[in-house]
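In: need coordinates for the following:
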Amino acid sequence: MSVSRHISSRRWLLLVALALPMMLMGQEVNISTADTTNQTAKNIAIFERVKTVLQADTALHLPQLVVRVAEELVGTPYLWASLETEPEQLQVFLDKTDCILFVELSTCMALTLKGKRIVQAGDGERFAVRTEPSVVADVPSYQLLKQNIQNMRYRLGVVDGYASRVHYTSEWILQNQTNGILQEITKELGGQAFEQAFFYMSAHPTTYFQLSHDVCELGKIRMMEEHLQQQQPYFYLSQEQLRQPQTLNLIHEGDIITFISPRPGLDLAHVAIAYKVGNEMHFIHASYSAKRVIIEPRTLADYAKHGIRVSRLR
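Out: Prediction:
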């Protein structure tokens, strides 16, 4: 069922009844504070620098090249809620990031340097598993990077309002699995099944600027939550499992690590790229506490208090 489909009149009235009291509470909502002065010029300069530094590495397998890109982005300042603007539009930042944007940028940059453009699956293929990457050859450029980011970030690659952006990381995984870019392997690594609830965004509309001002967008978000709810079961690896070498050794450098959220209704709280330090598995991530991209000093097992899910790039 497409999220762009009109919701029923009854559901519409119910959403209005639920949302308006919360909208009137006047709570502060997320809105971008990103400095976009000369943003395109800044982005192109960083893109050309990384492209030059990694020109000899483009033959590496995708996970290896993603790690190399991530290493080049270490030190990038952290900025939260940088995409929260009105109206919705493709926003690309190479000089500032948050956790999911960092993983997304590292992956799209690696694909771009390899001269690969993501080809979106059709609506009828959504959440199917492709066994081969859905990409075509293209010329590495900043424009290609923007196209890849749009195809990775927006549902079916189309920018059409706030709800067209993929907000829940579970959907980001599913969409990019459909496009053959990655595959979630948590179950294959011995993950335990659990039932994940999806309702955080629709239950907290005042946290999101657009949802606090547009009941229609709120309804679309709720429909996507219901769709994700239907994709049960989900699987996770517990912290106890990650302390066992036979499990931890199955995780490869370059795997995308998503950390289970302790908040009810929210699936994943953080995203990172698996990275080895000596013989121990750590990760590279945009750290909220460090306010920049870092190689995490704590091991993956020590950090993953609530467990993780693992996806592998093809």
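In: pull the contacting residues for the closest residue in space to residue 79 that isn't next to it in sequence.
Out: Nearest residue to residue 79, sequence neighbours excluded (CB to CB, 6 or more residues apart in numbering): residue 96, at 4.1 Å. Every C-beta, even on glycine, is put in place using the N, C-alpha and C of the backbone. If you count contacts by CB atoms under 8 Å, 6 or more residues apart in numbering, residue 96 has them with 34, 76-79, 82.
In: lowest average confidence, helix or strand, in this protein?
Out: helix 9-23 (a mean of 39; mean pLDDT, DSSP states H and E).
In: quick one: the next helix or strand after it to chain centroid distance?
Out: Once helix 9-23 ends, the next helix or strand along the chain (criterion: DSSP states H and E) is helix 39-53. Averaging C-alpha positions (CA atoms, centre = their mean, to the nearest Å) puts helix 39-53 22 Å from its chain's average.
In: and helix 39-53, what does it pack onto?
Out: For helix 39-53, the elements it packs on are helix 62-72, helix 99-113, helix 142-153, judged by 3 or more CB pairs under 8 Å, 6 or more residues apart in numbering; DSSP states H and E.
In: ok, 7 Å please
Out: Applying 3 or more CB pairs under 7 Å, 6 or more residues apart in numbering; DSSP states H and E, we find helix 39-53 packed against helix 62-72, helix 142-153.
In: residue 302: neighbour count?
Out: 14 (other CB atoms under 10 Å).
In: quick one: the helix or strand hosting it to chain centroid distance?
Out: Using DSSP H and E, residue 302 falls within helix 300-303. Computed by CA atoms, centre = their mean, the chain-centroid distance of helix 300-303 equals 20 Å.
In: need the residues that contact it.
Out: 239, 242-243, 248, 257, 274, 281-283, 296 (CB atoms under 7 Å, 6 or more residues apart in numbering).
In: in it, what's buried?
Out: Residues 300-301, 303 are the ones in helix 300-303 that count as buried (16 or more other CB atoms under 10 Å).
In: same thing with stretch 269-281?
Out: Using 16+ other CB under 10 Å as the test for burial, stretch 269-281 gives 270-275, 281.
In: average pLDDT for it, rounded please.
Out: Stretch 269-281 shows an average pLDDT of 97 in the prediction.
In: check stretch 105-114 too.
Out: Per-residue scores along stretch 105-114 average to 98.
In: which residues does it contact?
Out: By CB under 7 Å, 6+ apart, stretch 105-114 touches 50-51, 54, 58, 62, 65-66, 69-70, 73, 94, 97, 118, 135, 140, 144-145, 148-149, 152, 273, 313.
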